[in-house]
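**Q** please find the sequence and the predicted model below.
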Amino acid sequence: MPASGPTPGVPDAGTTAAAEERLLDLVTRAVDPAGGFGWLDDRGRRTPGRAPETWVGARMTHVAALAHLRGRDGAGDLVDHGVRALRGLLRDDDRGGWLAVADRPEGPKDAYTHAFVALAAASATAAGHPDGAVLLDDVLAVVEQRFWDPDQEMVVEAWDAGFTTLEDYRGGNAAMHAVEAFTAVADVTGDPRWTARALAIATRLVDGVARAHHWRLPEHFDARWVPDLEHHRDQPDHPFRPYGVTVGHLLEWSRLLLGLRHALGAGAPGWLLPASTSLYDAAVARGWHVDGAPGFVYTTDFADVPVVRLRMHWVLAEAIGAAWVRHAVTGEPGALADHARWWDHARAHVVDADGSWRHELDARNRPSAHVWTGRPDVYHAYQATVLPSLPLAPSLVAAARAQREGRGPAA
């Protein structure tokens, strides 16, 4: 990764450190004394009476583990708090797996949640938490038994609470986050099986489905992974399964493919880099400033017409991260210019004075709460903030550990 002196458009180390500390303060504010991490409102206060959600807690634990690897004071205590909740409050000891929400034992058990538990466990293990490896072994056993389909070489989506009935739906969102988690797991365990599984998922969804749809990646599938292009047409702003093409996922995939390429080294398939570039270019051409106002629209249809014009903070954060990694891999000045442009947009419209990111804006870049209320998630913002100060690696977990071991730029 280029690291010789200040780079125009890239925040300096002091600015990055200050932004990182403000985001970590939000993780601290989210701590629920009863266990896990709560849902933050627009003023950064934990929402009283709202039970901890596992995907939020796992993401917060992952962020805390990265921060601990980067030497941030207090981050180790946050990792410990998160791991204890993932091994206790949020775990279903009777039927196995993890609850989606702490107070809903009869709710479904889904691959999305378990992917983030695996990511948190890998991160905690890399950060040296004494129970990290136990948590990691536990979640990988559940993933192996319940969520990995060896015939399709893909993850299934969701079971009922007792793992007796499997939903017919298959989702690209959960599969994408499985790629992220599996790459991190491979980094921590050294087991190439997880990298191979990440590649199998990426090959099917990106080299297969996205390419066949001219880089308009369908998100919804039946049990045999046949795309359902009409899914949720009547509910286009669904928070987890929106209709059409989710622009931010094209950017997220673009970054993850480059991490997978790095993990595979000389054995990486030749399609990974051009596919990453194509997804990035498609997201920018079809999602950025396409409706007369700056910002990325949330979704489009399969003719590239914007459907949900809300601006989600996580999409902008993924654009920032994807631009940086593309520049780090290719040296393209245009990607670095994009990185600077989108940081400028974030500072102008999304990042508050206290360092938190407004979760959602309307089509005119005004604060909105149509799909999401509050600000529960620092995961995307934190990763976008720290990426330029990390060495290039298969996953952020590997990058932070390499940095700690003196194999990359200082934090």
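**A** That came through fine. Numbering: from 1, shown residues only.
**Q** show me which positions of stretch 118-134 end up buried.
**A** Of the residues in stretch 118-134, 118-127, 129, 131-133 count as buried by neighbour count, 16 or more other C-beta atoms under 10 Å. Glycine gets a C-beta too; all of them are placed from N, C-alpha and C.
**Q** and the residues you listed, which is closest to residue 335?
**A** Using C-beta to C-beta, residue 119 is the member of the buried residues of stretch 118-134 that lies nearest residue 335, at 25.4 Å.
**Q** and the residue lying closest to the closest one once chain neighbours are set aside, what element?
**A** Leaving aside its chain neighbours, residue 119 sits nearest to residue 181 (4.4 Å; criterion: C-beta to C-beta, 6 or more residues apart in numbering). Secondary structure assigned from DSSP states H and E places residue 181 in helix 172-189.
**Q** quick check: residue 386 touching residue 70?
**A** Yes - contact criterion C-beta atoms under 8 Å: residue 386 and residue 70 qualify, at 7.1 Å.
**Q** neighbouring contacts of stretch 241-249?
**A** For stretch 241-249, contacts defined as C-beta atoms under 8 Å, 6 or more residues apart in numbering pick out 171-173, 176, 216-220, 230-236, 283, 286-287, 296-302, 307-308, 312, 314-315, 318-319.
**Q** then stretch 149-167?
**A** Contact with stretch 149-167 is made by 92, 95-97, 105-111, 115, 143, 146-148, 169-171, 174-175, 178, 197, 200-201, 204, 224-225, as judged by C-beta under 8 Å, 6+ apart.
**Q** list buried residues within those.
**A** So, by 16+ other C-beta under 10 Å, the buried ones in the contacts of stretch 149-167 are 92, 96-97, 109-111, 115, 143, 146-148, 169-171, 174-175, 178, 197, 200-201, 204, 225.
**Q** which of these fall in strands?
**A** By the criterion of DSSP state E, membership of the buried ones among the contacts of stretch 149-167 in strands covers 109, 110, 148, 170, 171.
**Q** just send these back as JSON lines, with pLDDT and distance to residue 375 too.
**A** Shown next, in JSON lines, are these (pLDDT from 0 to 100; distance: C-beta to C-beta, whole Å):
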{"residue": "109", "pLDDT": "98", "distance to residue 375": "26"}
{"residue": "110", "pLDDT": "98", "distance to residue 375": "23"}
{"residue": "148", "pLDDT": "98", "distance to residue 375": "33"}
{"residue": "170", "pLDDT": "98", "distance to residue 375": "30"}
{"residue": "171", "pLDDT": "98", "distance to residue 375": "25"}
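**Q** re the thing from before, for the helix holding residue 181, what is the distance to the chain centroid?
**A** Remark: helix 172-189 is offset 10 Å from the chain centroid, using C-alpha atoms, centre = their mean, to the nearest Å.
**Q** buried set for it?
**A** Buried residues in helix 172-189, counting neighbours by 16+ other C-beta under 10 Å, are found at 172-189.
**Q** using CSV, write out every CA atom in stretch 68-82.
**A** Output in CSV follows, covering the C-alpha atoms of stretch 68-82 (Å, rounded to 0.1, in the frame of the first residue of the first chain):
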residue,chain,number,x,y,z
HIS,A,68,-7.5,-3.1,20.3
LEU,A,69,-5.1,-4.4,17.7
ARG,A,70,-4.4,-0.8,16.8
GLY,A,71,-3.5,0.0,20.4
ARG,A,72,-6.6,2.1,21.3
ASP,A,73,-7.1,2.6,25.1
GLY,A,74,-10.2,0.8,26.5
ALA,A,75,-10.9,-1.2,23.4
GLY,A,76,-9.9,-4.5,25.1
ASP,A,77,-12.7,-4.0,27.7
LEU,A,78,-15.2,-3.5,24.8
VAL,A,79,-14.0,-6.7,23.2
ASP,A,80,-14.5,-8.5,26.4
HIS,A,81,-18.0,-7.1,26.9
GLY,A,82,-18.9,-8.2,23.4
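**Q** pLDDT weak spots in this protein?
**A** The chain contains residues with pLDDT under 70 at 1-15, 410-411.
**Q** at 50 what do you get?
**A** For the chain, applying pLDDT under 50 flags the ranges 1-9.
**Q** can you give me the strands in it?
**A** Counting by DSSP E, the strands of the chain are 109-110, 148-149, 154-155, 158-159, 170-171, 220-221, 245-246, 299-300, 306-308, 311-312, 360-361.
**Q** thinking again about what came up before, tell me the helices and strands packed up against the helix holding residue 181.
**A** Counting by 3 or more C-beta pairs under 8 Å, 6 or more residues apart in numbering; DSSP states H and E, the packing neighbours recorded for helix 172-189 are helix 111-126, helix 132-142, strand 154-155, helix 192-202, helix 247-264, helix 396-404.
**Q** between that helix and helix 192-202, how many degrees?
**A** 160 degrees (axes from the mean of the first three to the mean of the last three C-alpha atoms, to 10 degrees).
**Q** helix 172-189 to helix 111-126, inter-axis angle?
**A** 20 degrees.
**Q** CA-only coordinates of helix 172-189 in PDB, if you can.
**A** What follows is helix 172-189, C-alpha atoms only, in PDB (Å, rounded to 0.1, in the frame of the first residue of the first chain):
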ATOM      1  CA  GLY A 172     -27.000 -12.200  -1.700                       C
ATOM      2  CA  ASN A 173     -26.600 -10.000   1.300                       C
ATOM      3  CA  ALA A 174     -25.900 -12.900   3.700                       C
ATOM      4  CA  ALA A 175     -23.700 -14.600   1.200                       C
ATOM      5  CA  MET A 176     -21.600 -11.500   0.700                       C
ATOM      6  CA  HIS A 177     -21.100 -11.100   4.500                       C
ATOM      7  CA  ALA A 178     -20.200 -14.800   4.600                       C
ATOM      8  CA  VAL A 179     -17.400 -14.000   2.100                       C
ATOM      9  CA  GLU A 180     -16.200 -11.300   4.500                       C
ATOM     10  CA  ALA A 181     -16.400 -13.500   7.500                       C
ATOM     11  CA  PHE A 182     -14.800 -16.600   5.800                       C
ATOM     12  CA  THR A 183     -11.900 -14.500   4.600                       C
ATOM     13  CA  ALA A 184     -11.200 -13.300   8.100                       C
ATOM     14  CA  VAL A 185     -11.600 -16.800   9.500                       C
ATOM     15  CA  ALA A 186      -9.100 -18.100   7.100                       C
ATOM     16  CA  ASP A 187      -6.700 -15.300   8.100                       C
ATOM     17  CA  VAL A 188      -7.000 -16.200  11.800                       C
ATOM     18  CA  THR A 189      -7.100 -20.100  11.500                       C
END
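**Q** right, I'll leave it there.
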